[in-house]
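Colleague: Sequence first, then the predicted structure:
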Amino acid sequence: VNHSAAEIASLAMDVVLQAKGTTKEVAVFPVTVKRLGPFGSAEVTAKTKVEVSTLDLPDWQFLEAKTVIQVNE
């Protein structure tokens, strides 16, 4: 979601899924939004490989997403 009146031309980030209460990464995937208009939002999808075995994969309510935005200067 863009909460400003300015357009965002390009946005790249890594989304990290972690088990709640830990720093253990379950999955990491890159996301790119080419354009985000003023006060706009975008829906994105991405495929990823899971970093843990399927037996250790937490149920969805025990996951939290962290984003790491990549800044291009």
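Modeller: Thanks, I have the structure now.
Colleague: In this protein, mark out all the strands, start to finish.
Modeller: 11-19, 25-33, 63-70 (DSSP state E).
Colleague: Now render the ones you listed as TSV, adding mean pLDDT and mean neighbour count.
Modeller: (Each C-beta comes from the backbone N, C-alpha and C, glycine too.) Output for the strands of the chain, formatted as TSV (pLDDT from 0 to 100; neighbours: other CB atoms under 10 Å):
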stretch	mean pLDDT	mean neighbour count
strand 11-19	90	17
strand 25-33	89	15
strand 63-70	88	11
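Colleague: quick one, what contacts the residue most central in space within the chain?
Modeller: Residue closest to the average C-alpha location in the chain (CA atoms, centre = their mean): V15, at 2.7 Å. Counting by CB atoms under 8 Å, 6 or more residues apart in numbering, V15 touches 28-31, 46, 65-68.
Colleague: Over to V52?
Modeller: By CB under 8 Å, 6+ apart, the neighbours of V52 are 24, 26.
Colleague: How about L63?
Modeller: L63 sits next to 17-20, 26 when contact means CB under 8 Å, 6+ apart.
Colleague: export the residues you listed to CSV and tack on distance to L55?
Modeller: Converted to CSV, the contacts of L63 look like this (distance: CB to CB, whole Å):
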residue, distance to L55
L17, 17
Q18, 18
A19, 13
K20, 18
V26, 13
